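Participant: Dropping the sequence and predicted coords here.
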Protein chains: 8
Amino acid sequence: MNGKGPEDREDDLGFAVIDTSRGERTGCPEVVYCEGKTAEHTEAIMARMREKGIPVLGTRVSPDLAERLAGRFPGAEYDGLARTFSIGGRGGSGEGLVAVAAAGTSDLPAAREALQTARFYGSRAELYCDIGVAGIHRLFRRLPEIRKARVIIAAAGMEGALAGVIAGLVTVPVIALPTSVGYGASFGGLSALLGMLTSCAPGISVVNIDNGFGAGYQANLINRLK
Amino acid sequence: MNGKGPEDREDDLGFAVIDTSRGERTGCPEVVYCEGKTAEHTEAIMARMREKGIPVLGTRVSPDLAERLAGRFPGAEYDGLARTFSIGGRGGSGEGLVAVAAAGTSDLPAAREALQTARFYGSRAELYCDIGVAGIHRLFRRLPEIRKARVIIAAAGMEGALAGVIAGLVTVPVIALPTSVGYGASFGGLSALLGMLTSCAPGISVVNIDNGFGAGYQANLINRLK
Amino acid sequence: MNGKGPEDREDDLGFAVIDTSRGERTGCPEVVYCEGKTAEHTEAIMARMREKGIPVLGTRVSPDLAERLAGRFPGAEYDGLARTFSIGGRGGSGEGLVAVAAAGTSDLPAAREALQTARFYGSRAELYCDIGVAGIHRLFRRLPEIRKARVIIAAAGMEGALAGVIAGLVTVPVIALPTSVGYGASFGGLSALLGMLTSCAPGISVVNIDNGFGAGYQANLINRLK
Amino acid sequence: MNGKGPEDREDDLGFAVIDTSRGERTGCPEVVYCEGKTAEHTEAIMARMREKGIPVLGTRVSPDLAERLAGRFPGAEYDGLARTFSIGGRGGSGEGLVAVAAAGTSDLPAAREALQTARFYGSRAELYCDIGVAGIHRLFRRLPEIRKARVIIAAAGMEGALAGVIAGLVTVPVIALPTSVGYGASFGGLSALLGMLTSCAPGISVVNIDNGFGAGYQANLINRLK
Amino acid sequence: MNGKGPEDREDDLGFAVIDTSRGERTGCPEVVYCEGKTAEHTEAIMARMREKGIPVLGTRVSPDLAERLAGRFPGAEYDGLARTFSIGGRGGSGEGLVAVAAAGTSDLPAAREALQTARFYGSRAELYCDIGVAGIHRLFRRLPEIRKARVIIAAAGMEGALAGVIAGLVTVPVIALPTSVGYGASFGGLSALLGMLTSCAPGISVVNIDNGFGAGYQANLINRLK
Amino acid sequence: MNGKGPEDREDDLGFAVIDTSRGERTGCPEVVYCEGKTAEHTEAIMARMREKGIPVLGTRVSPDLAERLAGRFPGAEYDGLARTFSIGGRGGSGEGLVAVAAAGTSDLPAAREALQTARFYGSRAELYCDIGVAGIHRLFRRLPEIRKARVIIAAAGMEGALAGVIAGLVTVPVIALPTSVGYGASFGGLSALLGMLTSCAPGISVVNIDNGFGAGYQANLINRLK
Amino acid sequence: MNGKGPEDREDDLGFAVIDTSRGERTGCPEVVYCEGKTAEHTEAIMARMREKGIPVLGTRVSPDLAERLAGRFPGAEYDGLARTFSIGGRGGSGEGLVAVAAAGTSDLPAAREALQTARFYGSRAELYCDIGVAGIHRLFRRLPEIRKARVIIAAAGMEGALAGVIAGLVTVPVIALPTSVGYGASFGGLSALLGMLTSCAPGISVVNIDNGFGAGYQANLINRLK
Amino acid sequence: MNGKGPEDREDDLGFAVIDTSRGERTGCPEVVYCEGKTAEHTEAIMARMREKGIPVLGTRVSPDLAERLAGRFPGAEYDGLARTFSIGGRGGSGEGLVAVAAAGTSDLPAAREALQTARFYGSRAELYCDIGVAGIHRLFRRLPEIRKARVIIAAAGMEGALAGVIAGLVTVPVIALPTSVGYGASFGGLSALLGMLTSCAPGISVVNIDNGFGAGYQANLINRLK
C-alpha cells in the first residue's frame, strides 16, 4: 500500500484531500458532494480537478452555487431538478441502456440525479416517469421500452412498490431508489426503503433514501460489465 | 346510559363480563379472542353465550383448544389455518361479495381469519391466493372475479404492495391487512403496515398487523350497507 | 391491457401524465396533490383537466397558490383550513351521510380535508368538532346525529382514542384519521396512528397520518355502495 | 451521608445488599423483584428480611417459586394472576380507596399486581375489570364506585384509551398503567404507553409497561398523603 | 348523561366549544393551549371565559400573543420563560408544597410551566434549579427544602436521571417531567422519557415530554387531596 | 396479458400456485422458500416442479426437512450451513466469478446461502471468510483473488463496514448482505443494514437482512450480463 | 501490508482463521466469542491457540460448553455468572485498579464479564455491586474505594443513571456498560444505552449493550497506559 | 457532603449556579454549553468565572455570540468551525498525544470541537482529516503518525466504519465520535452511532452524536493518566 502507482496519488488542499488517481484506478473519477461545503471550497476543489484534466460531477448543487460555478467553468451542464453540475463527463454515449423509472413527478429529483450520474460515467440512460403502481396500466405501456435496458433503476417514495412490480416483469437487475416523498407514515422515506428491502420479487438491491447518485453509479458499474 | 334497554344488558362471570346484548345493538355479536384466556374460561364464556342463544365466534383458537371445544359444542366449525371456531353464525349467505386476496401462502392464516369472520357475520366471501405483485400476471387473471366484489380485503406481508396495486384497478373500498410474514427489515409486519398506509392509490384503509378478524368485521360492516 | 377503451386514456404534459379517463373508469376523477409541485405545473395540469371537462380537486393548496388559481379558474372554491381547491365537483348532494368527527380544533385541517373530499366526490358530509374523549359528554350530545351516518370519519391526534370510543357506540364502519397534532411522545402522529390501529373496538380501519383526502375518498367509496 | 441513623443501615448477603432500614426511612419496605434471581437467593433474601421483622413483598413470582416459598414461609399469600407473594404487609386496611380499573381480562396480571402492591403498603384497594372503552357503557356503570377513590389506576393495553376517558370523568389523580397486551402494532405495549402519555385529558401520569408494582406503589404514596 | 347539571354545560363559539362548567365539576377550570390557534380565536375564547367569571390559564403563549392579550386583559400575568398567561387563578396560596426540581437551566421552560400551572390551580409551589445529577452535591444542598414538599416534580432532559435519584431520597410521590433538552441520542426527549419510565426507584410516574402543564396539574391534584 | 405464451403458464396445487414458466421467461426458475410451509406441501411442490423438468432450489430448509426430501429426491444436494436444498441447478459452471466475502464465521449461513444461490442459477462463485475490518490485513491478503470477480457479495453483521471497505478497493458492483449477527445495539441486523445503506463508498447496493438468496440471485443476474 | 512480520501471521482452520500474532502486535491476544459456534469448533480453536502458547479467553460460554472445555483444558477457570472461560491469562496482577460498579444484582453477568476480561488482560480489577442510584447512600459508602481506580466501569440497566452519577463524583474516565436488564420501556437495554450516551456528566464513553468484554478490554487498554 | 471544602463551593447567579470549585476538584473546570442560553447570560457566566480566575471553554458558540464575547474578553480564541470559544485554557502543551481522525470534511465541526476541548484541558492534540474508509489508502498513509498517540478519537458520520478500522490497527483506546453527517438512512447520526457501538473491533467506546466536547474531554482524562 506504500508505492506511488495509480493507487494512491492524491492532492491535499488543506481543507480537503482530492483522490486524483481515482479515475485511472476505478474508471470512475471522484464525485463532489456539495451539500455542506462552502462555495469557495467547492470551486477550489473543482478547479484543481479540472487542472488535472479530471471530469467533474457535482451533486446536491443549489441554483445559487450552480450560477457561481457556471461563471467559472463555461461549458458545464446544470440540471436544476437533479441538482447535478457536470464538466467533461462521458455524456451517456455508452452501449447498454440504463432505464430510470420514476413512480411520480415528486420522485424526479432523485430519479434525475441517477440519470445524470449514469450518463456522466458513460452509460446511455433514459427516464420513464409517472408510472407508479396505483395506475399500473401506465407502467405496462412503457414496459416494452424498459425491457430493453441492461439494468433498471426504480425510484419511488411512499410505499415503494414500483421496484417489486418491475422486478417481477423483467429479467435484468433492478436498483431500487427509495425517495423521501410522502408524509405521515412515510417517515422521510423509511416506508419506501423497508418496502423495497422486503419485496418478495428477487432481483432487487437497494440504495440509501434519495441517493440518486449511488443508484446511477451502481447502475453504470453493472452496465459497463462486458 | 342507565336504562335497561338493549344497550347495556351484560353478564358477569366473575372473570369476564359478557356483553350479551351486543348482537341486538350492533347486529354483530361479540367475538371471543382466545389467546391468553384459559381453556376453562373460554369454554365457560362460550357456554353462557350459547345458553342465551348468541352465535359464537372464537379467534386465535389453538388446535388443542379446538378439540376440547368441539367435544362440548357439537356442530361447531373449526378452521385450523384461520384458527377460528364458530357456532351458529350466519355462514356467508349474504348478498354482496367480500373478496379476500392473499399475496402468498404464508398470508393465509390472516386472510382466512378475515374470510371466516366476514362469513360468520353474514357476508358471502371468497378467497383468492398466491397473487402477489412479484408475478403480477397471476393477479390479472383473477381480476375479473375480484372486481365483482363490493369490498376487497388485501392481505400481504413483506412490502405489502398488493393493496395499492388492487386499489388502482378497482372502484370499491379496499381493506388492507398487513401480515407479519417476512424476516429482517419486515420487522414483524411493520414494513407491510407502513407500505399500505402510505400507498399512493386512494381507496385503501388499513387494520392492525395480522388482524384478520378486524378486516373481516370491517368488510362485513361495509358490505351490509344498503 | 393494450386496447384504447376508457381504461387507458391519458395525457402527457411532459412533466406529468394525466389519467384523463380515471373519472369514467372509477367514478372518481384524479386528484391533484399540490405540495411539491410548482405553481406553473399545477395550473397547467388543472387547465388541461378543465379543458377535458374533468372536475378538479386540488389538495395541500397554500393560500398563495389558491389566490393564483382563483384568478385563473373563476367559480372555484377554496377552503383555507382544509387547504382544498375544487372546481366542478359533485358538491355533497348525495344520499347517505358521511359524518366527520374531530377531537379538537387542531384536528380541523385534516378533518376538513376529509369533509371537502367526500363532498367533492358526491357524498353528503357533516363535521362535528371538539368532541374528544377527555370530555366525553360532548361526544354523547352529538351521538344521535352521528349515528345517522352510513360511514364515520374520526379525526384525532395525540392518543387517537376517539376512533375506538365511537366505534364502540355505532353500527357502521369507522375510518380513523390520525393527525400530527401533539408534541413530545406524539411523534408527529405516530401515537395516534398506533392507538387507532390497536383499538380493541372492531369496525375501524385507518388511513395515513393527516391523510384527510384518503379518509374522505374511502368514506365516499363506502357511502356510494348501494 | 456517613452517619449510622436509619438512613443507611443495610445488610450484605454477598450476592445482594438488603436495605433493611428502608421501611423506617420511607414507610415502604423494599420489594423483592424475583425475575432473574435464583430460588435460593430469593429465599435467603426473604428469610433475612423476616428475621429482621420486615414485611416482604415479592413480585414476578412464578408458581414453582411460590410453592417453594410457601413451604418456607407459612401464612404467606400468593396471587397467581398477579404473581405477587406477600408476608406480613399491611393488608389494605387503610382509609382512602385506590381504584384499579382494568380494560380487559388480559390486563389483569398487571392490574392485580398493582392492587396487591397498594394493599401490601396499606391502602384499601378495589379492582374493576372489563371496562374498556370499546363498550363504554360498562365503564359508566362502574363510575359511581370508581369516583369514590382518592386515586385511580387505569390498566390497559392496545390503544390505552381507558386512562384518558377516566381522567375526563373524575377529579382525582389517575395513574396510567400500560400493559403489553395486544399484537402487531401494539409493539409490546408501546402503543398503549404512547397513547397514555399523549392523552389530551389532564390529571394522568404514567408508569412503565406492565409495571403494576410501580403503579400500586405510587398510588399508595398518593393515597397516604394527609 | 343527558341532564343539564354542572356536568355538561358548554359554550359553542363556532370554532371551539368551551367547557364552561369544568371548574365546578372538577375544581380545575379548562386550560387554553395556544399553540396552533389564531390570535383572534385565542382572544375570543379567553374573553368568553372571563365573561363567565372563569379564571384563565393559557399555555404555550408566544411573546407576541402575550402582548396582544395583555392589552385586552389588564392585570393578567405572563411568564415569558414558562410561556404561561394567567388571569385570576388561585395564585399559589394553598397549603401543601409542590417542589419543582429542574436539572439545568435549559429545563426551565418546562419546569416553570409546571410551576405556574400548580400555582394557578391553587398549590403553593417552589422551583429548585441547576441540581442535575452530574454534580450531585448541588442536589443534596437543596434536599432539606425539597423534602418538605407533599409532591415533587423532577424536570430533566438528556438522561433524565434526576427523577430516580430524587425518588430514592424522599417519601412522597415524584412526577417526572422529561424535557426535549439535548441533542444526538436525546432524540427530542425520548432518552429522558425512557430513563424516567424505567427508573429502578419506585414512587415515580411520568408525563409527556415538555408537558409542564400536565406535571403541574397532576401535582396539584395530588397536593389538594386531604 | 391474456395469451397462453410462456408468460403466464402456472399450476394450481390448491394450497399453492406454481409459476412453471418462470424459468423460460426469466432464465431463473422459481425458488421454494421453505420456512412456514408444511413438509407435505414442500414435498408436493418440489415433486410437481421435478415432473415438469424444472430445477429446484429450496431455501431455509431445516435438517429434518432435508432428510425427508433427500429420501424422495436422490441426487439432491443439501448445504446444512446455508440451509439450501437443490436438485438439478446449473451448478456454478458459468464464466464470470461471483466473490462472496464474509466478515466472520457467524455470517456464514447468509453468505453460503448467497453462494449456493449464485451457483444454482449458473454463476461460478467462491467464498472468502473471516475477513472482517477489525483485522484488515486479512482482507488485504484475499484482495487479489476477490478483485478477479465480476460482482462481489459482502456479508457482515454488527457494523457492516466490510461492504464499504471493499467497495473502496474494487471497480465492480458490490452487493451488501447485512446479517442478523450481533447483540445489543445490533438490533437484529439493523445496524449493519443502516451502515451498508449509508456507506460513503459508491458502488454498493443492499438486500434485506439475512437475505442470502436475494444477494446471490441479484449477483447472478449481474454476472450473466454480456 | 504484504510482509511476514508480526502484523499478519494467522492460522487457517478451514472454518475459522486465527490471528495468532495479535497478542504480540497489540499486547492483547484474540478472544473467542463462543455464542453461535459449535462446541467442536470452539474446542479446536482453543486447542490450536494453546499449541501456539497463546492465552485463551472465551466469552458467552454456556455451562455445558464449559464442562466440555474443562475436561480438555485442565487448569482453566470458568466464571458461571460472567460466562467467561480463561486459560493462562495474566490474572489481574497489574498495577492500576479497574473498578467495576454494578447497579443491581441483575447487572452482574455483564459486570463480571467486564471484570474477568480486565483481569485476563492484566489489570487489577474489583467489583462493587448493588449501588444503583435509587438508594444512593450505598454508592456513597463505596465511593472512597472506587475513587482509587484509574478507570471505572459503570454497569446498569433500566435508566442507566449510575454512569452519570459516578462520573460527576470522580476524576478518571468512566466506561458505561448498559445492560439489557429491565422490561417494558427498557426495550432490551435501549433506555440504558440512550441515558448513558446523553448523560450531562462529562468523562463517560459507552460500549454496546451487555458488552462486558468490550468494557473490560477498553478499561484495560486505558489502565495500562503509562 | 455538607462541609465547605473544595467539593461544594458554587456561585449562584440567579439564572444559573456555577460550580466554581470544579477545576480544583477534578482538574477540569466546568464548560459553558452556549446553545439555548441568552447572550447576556452567557457573558455573565463567563465574566464571573474569569473573576474567579477560572479558565473558560464555551461550546456551540455561534459567530454572532463569538463576536460579542470577543469584545468583552480580549485574548480569547474562537474556532469558527468547532464553534468553541476559550479563554486561558492550558492550550495543548501536555505530553501524550491525542489524535483526532475525521472521515471527511463534513465531520470537521465535531472533530475540531474534540480537538479544541482536548487542548483546552491540557492535551497535545492533532487532527487528521479526509481519511474515511472508502479510500482506505489515505488512512494507511497517516497511520504511522496516528499510531504515536496515547488515545485516538475517530469522528465519522454515515456508516461510522472509521472507528472499527482504526481500532483494528492500533493498540491504544479509541473514542468513537459519531456525527450527524449524512442523509436518508443516516437518521441524524443514528447509523454511525449503531455502527460504532456494534463494531467487532475491541478497544472502542462511544460518545453521543456530535458530542465533540465529550470525546475531547474523555480523551484528555485518559491521556493525563500517568
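Facilitator: Ah, there it is.
Participant: hey, C-alpha coordinates of whichever strand or helix holds residue A:57 in PDB?
Facilitator: Applying DSSP states H and E as the criterion places residue A:57 in strand A:56-59. Taking Å, rounded to 0.1, in the frame of the first residue of the first chain, the C-alpha atoms of strand A:56-59 are listed here in PDB:
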ATOM      1  CA  VAL A  56     -16.200  16.700 -12.600                       C
ATOM      2  CA  LEU A  57     -19.600  15.700 -11.300                       C
ATOM      3  CA  GLY A  58     -21.000  17.800  -8.500                       C
ATOM      4  CA  THR A  59     -24.200  16.600  -6.700                       C
END
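Participant: starting at the chain centroid, how far to it?
Facilitator: Distance, stretch centre to chain centre, for strand A:56-59: 11 Å (CA atoms, centre = their mean, to the nearest Å).
Participant: Show me what secondary structure element comes after it.
Facilitator: That would be, after strand A:56-59 and using DSSP H and E, helix A:63-72.
Participant: list the contacts for the closest residue in space to residue A:157 that isn't next to it in sequence?
Facilitator: Leaving aside its chain neighbours, residue A:157 sits nearest to residue A:181 (2.8 Å; criterion: CB to CB, 6 or more residues apart in numbering or on different chains). Glycine gets a C-beta too; all of them are placed from N, C-alpha and C. Counting by CB atoms under 8 Å, 6 or more residues apart in numbering or on different chains, residue A:181 touches A:104, A:106, A:107, A:156, A:157, A:158, A:189, A:192, C:36.
Participant: so of these, which ones are in strands?
Facilitator: Members of the contacts of residue A:181 lying in strands (criterion: DSSP state E): residue A:156.
Participant: out of the contacts of residue A:181, who has the most neighbours?
Facilitator: residue A:192 (37 neighbours; other CB atoms under 10 Å in any protein chain shown).
Participant: Confirm for me that it is in contact with residue A:185.
Facilitator: No - between residue A:192 and residue A:185 there is no contact under CB atoms under 8 Å: 11.0 Å.
Participant: Identify the contacts common to the two.
Facilitator: residue B:198.
Participant: contacting residues around the closest residue to residue A:73 other than its chain neighbours?
Facilitator: Nearest residue to residue A:73, sequence neighbours excluded (CB to CB, 6+ apart): residue A:87, at 5.2 Å. Shown in contact with residue A:87 (CB under 8 Å, 6+ apart): A:46, A:50, A:55, A:56, A:73, A:75, A:76, A:77.
Participant: Among those, name the buried ones.
Facilitator: Buried by 16 or more other CB atoms under 10 Å in any protein chain shown: A:46, A:50, A:55, A:56, A:73, A:76, A:77, out of the contacts of residue A:87.
Participant: The third one contacts residue A:90, correct?
Facilitator: Yes - with the criterion set as CB under 8 Å, residue A:55 and residue A:90 qualify as a contacting pair; they are 7.5 Å apart.
Participant: Common neighbours of the two, please.
Facilitator: Going by CB under 8 Å, 6+ apart, residues that sit against residue A:55 and also against residue A:90 are residue A:120.
Participant: does residue A:174 really touch residue A:166, like I thought?
Facilitator: Yes - the pair residue A:174 and residue A:166 qualifies as a contact (CB under 8 Å) at a distance of 5.8 Å.
Participant: intersection of neighbour lists for those two?
Facilitator: Common contacts of residue A:174 and residue A:166 (CB under 8 Å, 6+ apart): A:152, A:154.
Participant: Could you check which of those two is surrounded by more residues?
Facilitator: A direct count of neighbours by other CB under 10 Å for residue A:174 and residue A:166 places residue A:174 higher, at 33 against 30.
Participant: List phi and psi for that one.
Facilitator: phi -110, psi 130 (degrees, to the nearest 10).
Participant: residues contacting it?
Facilitator: Counting by CB under 8 Å, 6+ apart, residue A:174 makes contact with A:151, A:152, A:153, A:154, A:163, A:166, A:167, A:203, A:204, A:205.
Participant: Who does residue A:156 form a beta bridge with?
Facilitator: In this entry, residue A:156 is beta-bridged to residue A:178, by DSSP bridges.
Participant: what's near enough to touch it?
Facilitator: Here residue A:156 is in contact with A:102-104, A:107, A:132, A:162-163, A:176-179, A:181, A:192, A:196 (criterion: CB under 8 Å, 6+ apart).
Participant: And residue A:55, by the same measure?
Facilitator: So residue A:55 contacts A:23, A:29, A:86, A:87, A:88, A:89, A:90, A:120 (CB under 8 Å, 6+ apart).
Participant: and the nearest residue to the last one once chain neighbours are set aside, how many residues sit next to it?
Facilitator: Read it as residue A:120. Once flanking residues are discounted, residue A:120 sits nearest to residue A:89: 3.5 Å by CB to CB, 6+ apart. Look at residue A:89: counted by other CB under 10 Å, it has 18 neighbours.
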